[in-house]
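Peer 1: Need a 3D model of the sequence below.
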Amino acid sequence: MDDLRKEFEAEETGRSATAGTDTAFFADAMAADASGIGCHGGVELSKAAARAAGQGDLMDRFEADYPKGPHDQPQSMCPAFGSLRVGLRMRRVGTILSGSACCVYGLTFTSHFYGAKRSVGYVPFSSETLVTGKLYEDIVEAVHQMADPEKYDAVIVTNLCVPTASGVPLKMLPREIDGVRIVGIDVPGFGVPTHAEAKDVLSAAMLAYARQEAEAGPVQRPRGGLKDKPTVTLVGEMFPADPIVIGGMLEPMGLAVGPTVPVREWRDLYAALDCATVAAIHPFYTATFREFTAAGRSIVGSAPIGLDGTDAWLSAIGRNCSVPQARIDATRNAMRAAISAGLAANRIKGRITLSGYEGSELIVGRLLVELGADLRYVGTACPRTPYNGEDADWLEARGVTLCFRASLEQDIAAFEEFRPDLAIGTTPVVQKAKEAATPALYFTNLISARPLMGPAGPGSLPSVINAAIANKDRFIAMNAFFEGVGSGDTAGVWQEVPQDRSAYRKKYAAKVKQSRNAVDNGDSVGC
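Peer 2: Numbering: from 1, shown residues only. A predicted model of the protein is given here:
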């Protein structure tokens, strides 16, 4: 690698390719080494390469928008999956990825596993195309081929780790081609911590584009037409029934629910911007909120969840929209009665730990506490922001331990410390709990994918949670049934018990440590 570095430095002054390709050569060469750039390489080297390639402003913005402290990058899936999924869910929007083939394969496989039914464009690269700047030319060519106004309103081009670190300049792409908008974003694993926050990267980029369009002149109306009342834009993906429930709570105050960001169609961006106020249901959309602020829109944190949460949220929304106080109070009283009845009729009995990477963990925790659960711990892969501070204070005042940017190790440590009757968490937390004969539920599919807002929330969680807790005896019976078959490498039925390979593991522990524990060493995890 020293020879490669010297060769790079010797040739650096003689090269005149597109900005960033010099660093790209070095970065690509370094990828073969354990300390090279890329999602499994050294984060600091990747950041340094990106800055050297002219991406300093981008890195500064990522560090400001997505702070990592007090913990480092969490162990979740590739962040680009979040932005990719947002684009694939939109009507008349095409997607192009530029990155390592293994990364693109993993992202497209995962997206189709989750139900995507459209193709993803891919621009491959090699050391040569990075060195010469040909990769950027290939991206431009791909964009022109894909920009068919009969099929698309917009095409999203995403740089993954290596193109970002190499300085491939997506900001130089044409703004539009034959009326098709071109939006280029960088979503490197060493800059965007989670797939949840990658949704913010794309949503903010599209809102910025749409805001400029609206400022320049007339734009398309929403497919369903304009609302006849002031609207509240919702930010954060949620169960499809939740916006309907929220709309029912807003109607008595003379308000209507607007689009939900991330949107499902480009024209919805204009309606989202044309609102009376913005509800930060999910609090980590930092860049998105910046665009709304630039458009002159106020932002309300937390969510209409549970008794206290709904009451405070309705008050804040009403004040921001200049609703008469009497009308706000009437709505609050009606919702308090409905939610109180739901909480009284639906109770949860049991100790729970909760963790996830969706960004809605704190508001779900609030609902669990009001339902009677003995909630001891909430861990989230997302950071503390101005819009989840109220939720954090509410939970901490009730003795709940909170952990922002929580690592898998911290989630498991909480499980082992509090010994819950039910563990709600990510897949590895659920696995750990079940191995210990403790009922567990996957947060993303079984908890957050339910109606949670307003009067609907109290009735949606107790049945599934109480049923899970009641399964404790089944787990104990299964553990007893399989007792004696071993664990870990020795699990199963063997003619000869496998040999202990702990010495082999210790020998290579240093090499795999980077991909095993991002919290300890500050490296990216995932493709």
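
Peer 1: Run a quick neighbour tally on residue 482.
Peer 2: 11 (other CB atoms under 10 Å). (Glycine included, C-beta is placed from N, CA and C.)

Peer 1: Residue 400 versus the residue sitting nearest the centre point of the chain, what's the distance?
Peer 2: With distances taken as CA atoms, centre = their mean, the residue of the chain nearest its centroid is residue 196 (0.6 Å). Residue 196 sits 21 Å away from residue 400, going by CB to CB, to the nearest Å.

Peer 1: just residue 502 next, same as before
Peer 2: From residue 502 across to residue 400, the span is 38 Å (CB to CB).

Peer 1: now do residue 295
Peer 2: 35 Å.

Peer 1: One more: residue 142?
Peer 2: 49 Å.

Peer 1: higher neighbour count, the two?
Peer 2: Legend: neighbour count by other CB under 10 Å for residue 142 and residue 400, higher for residue 400 (21 against 17).

Peer 1: Let me see the backbone angles for the closest residue to the more buried one other than its chain neighbours.
Peer 2: Nearest non-adjacent residue to residue 400, counting by CB to CB, 6 or more residues apart in numbering: residue 375, 5.4 Å away. Torsion angles at residue 375 (phi, psi; degrees, to the nearest 10) stand at phi -80, psi 120.

Peer 1: Would you agree residue 375 is in contact with residue 368?
Peer 2: Yes: under the criterion of CB atoms under 8 Å, residue 375 lies in contact with residue 368, with a separation of 5.0 Å.

Peer 1: between the two, what contacts are shared?
Peer 2: Counting by CB atoms under 8 Å, 6 or more residues apart in numbering, the common neighbours of residue 375 and residue 368 are 352, 354.

Peer 1: still on that earlier bit, what strand or helix carries the residue nearest to the centre of the chain?
Peer 2: Element membership of residue 196, judged by DSSP states H and E, is helix 195-216.

Peer 1: What is that helix packed up against?
Peer 2: In terms of contacts (3 or more CB pairs under 8 Å, 6 or more residues apart in numbering; DSSP states H and E), helix 195-216 is packed against helix 80-88, strand 154-159, strand 180-186, helix 268-273, helix 286-294.

Peer 1: same thing but at 6 Å, please
Peer 2: The contact analysis (3 or more CB pairs under 6 Å, 6 or more residues apart in numbering; DSSP states H and E) places helix 195-216 against helix 80-88, strand 180-186, helix 268-273, helix 286-294.

Peer 1: export those to JSON lines and tack on mean neighbour count?
Peer 2: Formatted as JSON lines, the helices and strands packed on helix 195-216 follow (neighbours: other CB atoms under 10 Å):
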{"stretch": "helix 80-88", "mean neighbour count": "26"}
{"stretch": "strand 180-186", "mean neighbour count": "23"}
{"stretch": "helix 268-273", "mean neighbour count": "25"}
{"stretch": "helix 286-294", "mean neighbour count": "21"}
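
Peer 1: a markdown table please, covering those and showing mean pLDDT and distance to residue 321.
Peer 2: What follows is the helices and strands packed on helix 195-216, written out as a markdown table (pLDDT from 0 to 100; distance: least, CB to CB, whole Å):
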| stretch | mean pLDDT | distance to residue 321 |
| --- | --- | --- |
| helix 80-88 | 94 | 27 |
| strand 180-186 | 97 | 31 |
| helix 268-273 | 97 | 16 |
| helix 286-294 | 97 | 14 |
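
Peer 1: mind checking which of the ones you listed is nearest residue 422?
Peer 2: Ranking those by their distance to residue 422 (criterion: CB to CB) puts helix 80-88 first, at 27.3 Å.

Peer 1: next structured bit after that closest one?
Peer 2: Counting by DSSP H and E, the next helix or strand C-terminal to helix 80-88 is strand 93-98.

Peer 1: Can you tell me what sits against that following strand?
Peer 2: For strand 93-98, contacts defined as CB atoms under 6 Å, 6 or more residues apart in numbering pick out 87, 104, 120-123, 139, 142, 146, 152, 154-159, 163.

Peer 1: Kindly report the same for stretch 301-320.
Peer 2: The contact list for stretch 301-320 (CB under 6 Å, 6+ apart) reads 253, 277, 280-281, 298, 300, 328, 331-332, 335, 339, 363, 366-367, 370, 387, 390-391, 452-454, 457.

Peer 1: which ones among these are found in strands?
Peer 2: Among these, the members found in strands (DSSP state E) are 277, 300.

Peer 1: Buried ones among the contacts of stretch 301-320?
Peer 2: 253, 277, 280-281, 300, 328, 331-332, 335, 339, 363, 366-367, 370, 387, 390-391, 452-454, 457 (16 or more other CB atoms under 10 Å).

Peer 1: how much space is there between the nearest residue to residue 493 once chain neighbours are set aside and residue 495?
Peer 2: Computed as CB to CB, 6+ apart, the closest residue to residue 493 that is not its neighbour in sequence is residue 485, at 6.5 Å. The gap separating residue 485 from residue 495 is 14 Å, by CB to CB.

Peer 1: Those two: which is more packed in?
Peer 2: residue 485 (11 against 4).

Peer 1: Please report the distance of that one from residue 353.
Peer 2: Counting by CB to CB, the gap from residue 485 to residue 353 is 28 Å.

Peer 1: now do residue 125
Peer 2: With CB to CB as the criterion, residue 125 and residue 353 are 43 Å apart.

Peer 1: Those two: which has the busier surroundings?
Peer 2: Neighbours per residue (other CB under 10 Å) separate residue 125 from residue 353, with residue 353 holding more: 29 against 22.

Peer 1: check which helix or strand covers the more buried one.
Peer 2: Using DSSP H and E, residue 353 maps to strand 351-356.

Peer 1: That strand pairs with which strands, parallel or anti?
Peer 2: Strand 351-356 has the following sheet partners, assigned by DSSP bridges: strand 374-380 (parallel), strand 422-425 (parallel).

Peer 1: Mind putting those strands into CSV with distance to residue 264, mean neighbour count and mean pLDDT?
Peer 2: Converted to CSV, the strands paired with strand 351-356 look like this (distance: least, CB to CB, whole Å; neighbours: other CB atoms under 10 Å; pLDDT from 0 to 100):
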stretch, distance to residue 264, mean neighbour count, mean pLDDT
strand 374-380, 26, 26, 97
strand 422-425, 28, 29, 96
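
Peer 1: and the ones you listed as CSV, adding distance to residue 489?
Peer 2: Formatted as CSV, these follow (distance: least, CB to CB, whole Å):
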stretch, distance to residue 489
strand 374-380, 29
strand 422-425, 24
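
Peer 1: and residue 80, which of those strands is closest to it?
Peer 2: Between residue 80 and these, the shortest separation by CB to CB is 20.1 Å, and it involves strand 374-380.

Peer 1: if I look at the residue nearest to residue 437 when sequence neighbours are not counted, how far off is residue 428?
Peer 2: What sits nearest to residue 437 in space, not counting adjacent residues and going by CB to CB, 6+ apart, is residue 475, at 4.1 Å. Distance of residue 475 to residue 428, computed by CB to CB: 17 Å.

Peer 1: Which one's more surrounded, these two?
Peer 2: The neighbour count for residue 475 versus residue 428, taken as other CB under 10 Å, is higher for residue 475 (17 against 12).

Peer 1: The more buried one in helix, strand or coil?
Peer 2: Three-state call for residue 475 (DSSP: H, G, I helix; E, B strand; the rest coil): helix.

Peer 1: So which bits of stretch 425-439 are buried?
Peer 2: Buried, per 16+ other CB under 10 Å, within stretch 425-439: 425-426, 429-430, 432-433, 438-439.
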